[in-house]
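S.K.: model the structure of this input:
(one chain, ligands or ions: 1)
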Amino acid sequence: MLNEMVDRVLEEYKSREIEKVFLVGCGGSSALMYASKYALDHEAKTIDSDLYSSNEFIHRHPAKLSEKSLVILCSHYGKTPETVNAACFAREKGAMTVSLTYDPDSPLAEASEFVIVYEEGKEQPFLNDAHAIMYELVFGLLYIKEGNPKYEAIIHSLAALRPVIEKAREQALLAAQTFGRTYRDARIIYTMGSGANYGIAYWFAICILMEMQWIHSHAIHAGEYFHGPFEILDKGVPIIQLVGLDETRPLEERSLGFSRQYGDTIITLDAKDFDLSEVDDQVKGYIAPLVLHRVLRVYAEELANARNHPLSTRRYMWKVAY
Ligand SMILES: N[C@@H]1[C@@H](O)[C@H](O)[C@@H](COP(=O)(O)O)O[C@@H]1O
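M.R.: Reported below is the predicted structural model:
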């Protein structure tokens, strides 16, 4: 069963004219929206969409932002000022604002017309996970406005995902421990992906490696790899290559093939290696990044353990003015 706040938003869609969707957030909260942007690009026939870092959304001031816009925002703690301000800005323009947050009493919840409180933890239904709610909102919109046929398949697949993810995490544990031991002293680790996966590569690079582990990183787009970044490839340069199941898989296979030819520290996470038999074939490409995200979280935990550098360590974030 869908979260009752998601139901309320889907109901509201019916009476609103929506021409454009803006996906707005910062850092990890932005990264978790990339797969939804991919889905909108691939599926939407009439509805336009864009993804913005919160402050850029305000300063760039898109001319199309209007009462015919849907602005979906996300902030885990609901306190990131840029995202709270973006919600206020969108409301001033008459847009429908829907915010995802973990904290129902946060400033973001206060600033938004609709608030959806997500839940974390393996005892919670996966339908209430933030990544899942993003797909419920986006496919719900595509279903209501354009009769998109994949809505039911997405909901059923998300509802079945918790055990799929737990199994994938268990399956990945040994490889993640080896990763932690092998790369505990690495000064740089790149990530790479494309399509629906790119946001996960971006999240791991900026939130896990840079923010939480203080390891240099960059999320390389698998298509862009051959237009600059591949010149850094050498023996001993670690690259985490994500390989998904969406239409851009050939891009990821190409970068993986090249990296394996000239490099020797390529860590491959291929969604095909996990059991997704409970996921509807039509939406496997959209679901793969959600599984890879949770698997990568195990890699993050094992790296943090091996380095004795807890994922909660910060030197500037929430500590100094910025
Ligand atoms: N990894 C994220 C960061 O990227 C983000 O800046 C911060 C605040 O984000 P939020 O707005 O989601 O509360 O939280 C996490 O630490």
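S.K.: if I pick P125, what's in contact with it?
M.R.: Under the criterion of CB atoms under 8 Å, 6 or more residues apart in numbering, the neighbours of P125 are E119, A159, R162. (Glycine included, C-beta is placed from N, CA and C.)
S.K.: helix, strand, or coil at the nearest residue to V21 once chain neighbours are set aside?
M.R.: With CB to CB, 6 or more residues apart in numbering as the criterion, V21 has its nearest non-adjacent residue at 4.2 Å, and that residue is S49. State at S49, reduced to three classes by DSSP: H, G, I helix; E, B strand; the rest coil: strand.
S.K.: rewinding a little: now, of the contacts of P125, which are buried?
M.R.: Buried residues within the contacts of P125, counting neighbours by 16 or more other CB atoms under 10 Å: R162.
S.K.: coming back round to it: mind listing what the residue nearest to V21 touches?
M.R.: K20, V21, F22, L23, K37, L40, D41.
S.K.: please name the bridge partners of the spatially closest residue to the fifth one that is not a sequence neighbour.
M.R.: Just to be clear, that refers to K37. Excluding the flanking residues, the one nearest K37 by CB to CB, 6+ apart is L51, at 4.5 Å. Following DSSP bridges, L51 is listed with bridge partners L23.
S.K.: report pLDDT for L51.
M.R.: At L51, the model reports a pLDDT of 98.
S.K.: now the residue nearest to V21: how far from the ligand?
M.R.: Look at S49 and the ligand: by CB to the nearest ligand atom, to the nearest Å, they are 20 Å apart.
S.K.: need the contacts of P125 in CSV with distance to T97, pLDDT and secondary structure, can you?
M.R.: Formatted as CSV, the contacts of P125 follow (distance: CB to CB, whole Å; pLDDT from 0 to 100; DSSP: H, G, I helix; E, B strand; the rest coil):
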residue, distance to T97, pLDDT, secondary structure
E119, 21, 93, coil
A159, 27, 97, helix
R162, 29, 97, helix
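S.K.: from the contacts of P125, pick the one nearest A130.
M.R.: Distances from A130 to the contacts of P125, taken as CB to CB, are shortest for E119 (8.8 Å).
S.K.: my read: that closest one touches D129, true?
M.R.: Yes. Counting by CB atoms under 8 Å, D129 is a contact partner of E119 at 7.1 Å.
S.K.: for whatever residue of the stretch 151-300 of the chain ends up closest to the ligand, what are its contacts?
M.R.: Proximity to the ligand, evaluated over the stretch 151-300 of the chain using CB to the nearest ligand atom, is greatest for C207 at 3.6 Å. C207 makes contact with G27, G28, A31, according to CB under 8 Å, 6+ apart.
S.K.: spatially nearest residue to the closest residue to the ligand within the chain (excluding sequence neighbours)?
M.R.: Residue of the chain nearest the ligand, by CB to the nearest ligand atom: G27 (1.9 Å). What sits nearest to G27 in space, not counting adjacent residues and going by CB to CB, 6+ apart, is C207, at 6.0 Å.
S.K.: SS state for the one you found?
M.R.: Applying three-state DSSP: C207 is helix.
S.K.: from D246, how far off is it?
M.R.: C207 is 22 Å from D246, where distance means CB to CB, to the nearest Å.
S.K.: got it, and I154?
M.R.: For I154, the distance to D246 (CB to CB) stands at 14 Å.
S.K.: would you mind listing what in the stretch 1-150 of the chain touches the ligand?
M.R.: Counting by CB under 6 Å from any ligand atom, the stretch 1-150 of the chain comes close to the ligand at C26, G27, G28, S29, S75, H76, Y77, T80, T83.
S.K.: which secondary structure elements does the biggest helix by length in the chain contact?
M.R.: Ranked by number of residues, the top helix in the chain under DSSP state H is helix 284-307. Where contact means 3 or more CB pairs under 8 Å, 6 or more residues apart in numbering; DSSP states H and E, helix 284-307 is packed against helix 34-43, helix 130-146, helix 151-159, helix 161-182, helix 198-203, strand 239-243, strand 266-270.
S.K.: got the angle for the first one vs helix 130-146?
M.R.: So that's helix 34-43. If you take axes from the mean of the first three to the mean of the last three CA atoms, to 10 degrees, helix 34-43 sits at 20 degrees to helix 130-146.
S.K.: so how far is helix 34-43 off the chain centroid?
M.R.: Per CA atoms, centre = their mean, to the nearest Å, the displacement of helix 34-43 from the mean C-alpha position of its chain is 11 Å.
S.K.: who touches it?
M.R.: Contacts of helix 34-43 (CB under 8 Å, 6+ apart): 21, 23, 47, 49-51, 72, 131, 134-135, 137-139, 142, 148, 150, 195-200, 202, 246-247, 286, 289-290.
S.K.: how about the longest one?
M.R.: The contact list for helix 161-182, computed with CB under 8 Å, 6+ apart, reads 122, 125-126, 132, 267, 269, 273-276, 278-279, 287, 290-291, 294-295, 297-299, 301-307.
S.K.: listing partners with orientation, what would you give for the helix or strand following it?
M.R.: On the C-terminal side of helix 161-182, the nearest following helix or strand under DSSP states H and E is strand 190-193. Sheet partners assigned to strand 190-193 using DSSP bridges are listed as strand 219-221 (parallel), strand 239-243 (parallel).
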